[in-house]
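A.B. asks: no sequence on this one, just coordinates:
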């Protein structure tokens, strides 16, 4: 299978009580078993014969398996069906020796989840068919089982609009404005009564608004920490701007893939209709030619 270069999260991390991955238990009935056969068909790597000098001896193993070691489809089918009768420890050891070199050096093992930024890499894994990526395939499968999830772009629209907001800049500007207003308030206390009457209320109203805004920033900071825990990110390193930008980009990729899937279906329907039309025209032409020959005879 082709590599999906994700940033995996260990199971012990994602199972923390506030993690998004801990919300859905592993035994949930809503979980969908991947279609391994279609994944194997779309994303399998072309077989690369190992060099003779490093090629493991598999004669006994192949006889035991009754299949070729390069037949990934058969192995995938066995695993999918839970057939372990032919996969003993020695056989698995031999199969592991045949893993492509591309897998070496990459993290493997049990991943309990992945970083949110990995969503943007779904389009980097290309299928064997032209213009199809892992994201296209996922949306096709989602459309079969959970059509409501295809409305995700609608839910992300508001988040996408926040992608350009710089909270650190806003907070700094609000802090600077509050500092200036406090200085004005001090000067106003030493001013004549007519100035106090003229500007006192507006200064106090502005101070009240800015203090409320500071409270809102404090709330945003708390929510940011909760979001970091939810996404299994570092509280001190996670940036809201980066999260919103990721969501905006993913939403755009999502919509683009949906549109391309729909266009591909429409094109396939037109192509099939055209084939049937040509087949009918050929049948009519052959029938006409046969009729002409019959009349001549």
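C.D. replies: Ah, there it is. All of these numbers come straight from a predicted model, not from anything done at the bench. Numbers count the residues shown, from 1 in each chain.

A.B. asks: Pull out the buried residues from stretch 181-194.
C.D. replies: 181, 188 (16 or more other CB atoms under 10 Å). Backbone N, C-alpha and C define where each C-beta goes, glycine included.

A.B. asks: what pLDDT, on average, does it get?
C.D. replies: In this model, stretch 181-194 has an average pLDDT of 91.

A.B. asks: next one: stretch 20-36
C.D. replies: The model assigns stretch 20-36 a mean pLDDT of 65.

A.B. asks: Repeat that for stretch 264-274.
C.D. replies: 90.

A.B. asks: Residues in contact with it: which ones?
C.D. replies: residue 131 (CB atoms under 8 Å, 6 or more residues apart in numbering).

A.B. asks: ok, now which ones touch residue 262?
C.D. replies: By CB under 8 Å, 6+ apart, residue 262 has no neighbours at all.

A.B. asks: how far away is it from residue 255?
C.D. replies: 11 Å (CB to CB, to the nearest Å).

A.B. asks: got the phi/psi numbers for residue 114?
C.D. replies: With angles defined as degrees, to the nearest 10, residue 114 sits at phi -150, psi 160.

A.B. asks: Isn't it up against residue 19?
C.D. replies: No. Applying CB atoms under 8 Å, one finds residue 114 not in contact with residue 19, separated by 12.0 Å.

A.B. asks: can you give me the strands in the stretch 101-250 of the chain?
C.D. replies: 111-114 (DSSP state E, counting those that start in this stretch).

A.B. asks: so where is it shaky, pLDDT-wise?
C.D. replies: 101-112 (pLDDT under 70).

A.B. asks: which residue ranges form the helices in it?
C.D. replies: Assigned by DSSP state H, counting those that start in this stretch, the stretch 101-250 of the chain shows helices spanning 134-145, 152-161, 167-189, 193-230, 240-296.

A.B. asks: To residue 10, which of those lies closest?
C.D. replies: Among the helices of the stretch 101-250 of the chain, the nearest to residue 10 by CB to CB is helix 193-230 (15.4 Å).

A.B. asks: tell me which residues of the closest one are tucked away?
C.D. replies: By neighbour count with 16+ other CB under 10 Å, helix 193-230 contains the buried residues 203, 206, 207, 210, 213, 224, 227, 228, 229, 230.

A.B. asks: again with stretch 129-139
C.D. replies: Across stretch 129-139, burial judged by 16+ other CB under 10 Å covers 132, 133, 134, 135, 136, 137, 139.

A.B. asks: These: which two are farthest apart?
C.D. replies: 132 and 139 (10.7 Å).

A.B. asks: Residue 240 against residue 226, yeah?
C.D. replies: No. At 11.8 Å, residue 240 does not count as touching residue 226 under the criterion of CB under 8 Å.

A.B. asks: Overlap in contacts, these two.
C.D. replies: Common neighbours of residue 240 and residue 226 (CB under 8 Å, 6+ apart) do not exist.
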